[in-house]
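Enquirer: sequence first, then the predicted structure, then my questions.
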Amino acid sequence: LPKATVPEVVFIGRSNVGKSSLVNMLVNRRTLAPMSSMPGRTRTFNFYIVNRETSQLPSFYIVDVPGYGYAEAKAEVKEQWRNLLDSYILKRDSLQVVFHLIDSRHGPVGEDETLMRTVRSHQDSKNLSYVVILTKADKENARVRHGKAKASLKNRTIDALKRCGWGPGEVAVILTSSKSKIGRDDVWRYIQAVMQQQSEGSDASERHSEWFLDWKDGEEEGKGDSECRQEDESTP
């Protein structure tokens, strides 16, 4: 891995959840992160430097890692990826944010909950920010209505977080679409806020309450949907 000289934000998720597409959408480049219709294309840790040639904005790395759960990879290869990822989250001092991508068509599944537990076990000692990104909001079968997560998706996500030890106000959730660029500005604003607070030495627990879901149980479908803002597409 590169020497840890600047802050890092990592994008993690199941194979075919749209990690590389999201990275390309964020930086407004179509082919920066390699994409494929076949799951499992990303097989290495890829570090992309941001703001390297400007002194006005802080430099940081966007990190794209292999997707977990790829059935075609050999068991020993998947175990190597899992061990490297766990070690990266635990030991990488420059890591500031874990963006956990979850397909909005399905919500969290078993392997997503494994990652939730892994990050939760390290979060207090590492002072990490943890963000759930719900991807593919543009798909016809996504659990999304009018730019908002349906109550079924919201409640499934909250229930999974609860089972993994997370509580209200601890996890931000952002709805995204790499195709329509929904959520792009929210992700950038979150990263900017983290970088600013990192330079000021602020605690991760103080961050970004506007992105937290309202943890209310028993909401009916179509009510209490999680709001997602869609604004201009300018890169900060």
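Expert: Nice, thanks for sending it over.
Enquirer: for the longest strand belonging to the chain, output the C-alpha coordinates as PDB.
Expert: In the chain, with assignment by DSSP state E, the single longest strand is strand 95-103. Extracted in PDB, the C-alpha atoms of strand 95-103 (Å, rounded to 0.1, in the frame of the first residue of the first chain):
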ATOM      1  CA  LEU A  95      -8.200   6.100   7.100                       C
ATOM      2  CA  GLN A  96     -10.900   8.700   7.900                       C
ATOM      3  CA  VAL A  97     -14.200   7.400   6.400                       C
ATOM      4  CA  VAL A  98     -15.600   3.900   5.500                       C
ATOM      5  CA  PHE A  99     -18.200   4.300   2.800                       C
ATOM      6  CA  HIS A 100     -20.200   1.000   2.800                       C
ATOM      7  CA  LEU A 101     -22.100   0.600  -0.500                       C
ATOM      8  CA  ILE A 102     -25.400  -1.400  -0.400                       C
ATOM      9  CA  ASP A 103     -27.600  -2.100  -3.400                       C
END
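Enquirer: low-scoring stretches of this structure, by residue?
Expert: 30-43, 53-57, 69-73, 141, 146-147, 199-236 (pLDDT under 70).
Enquirer: hey, where'd the strands end up in it?
Expert: Along the chain, counting by DSSP E, strands occupy 8-13, 46-50, 60-64, 95-103, 129-135, 144-145, 148-149, 172-175.
Enquirer: can I get those strands in TSV including distance to Q196 and mean neighbour count?
Expert: (Glycine included, C-beta is placed from N, CA and C.) Supplementary listing: the strands of the chain in TSV, determined by distance: least, C-beta to C-beta, whole Å; neighbours: other C-beta atoms under 10 Å:
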stretch	distance to Q196	mean neighbour count
strand 8-13	14	24
strand 46-50	15	17
strand 60-64	12	22
strand 95-103	11	23
strand 129-135	12	25
strand 144-145	30	18
strand 148-149	27	22
strand 172-175	16	23
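Enquirer: can I get those strands in a markdown table including distance to A160?
Expert: Shown next, in a markdown table, are the strands of the chain (distance: least, C-beta to C-beta, whole Å):
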| stretch | distance to A160 |
| --- | --- |
| strand 8-13 | 14 |
| strand 46-50 | 27 |
| strand 60-64 | 23 |
| strand 95-103 | 9 |
| strand 129-135 | 9 |
| strand 144-145 | 18 |
| strand 148-149 | 14 |
| strand 172-175 | 11 |
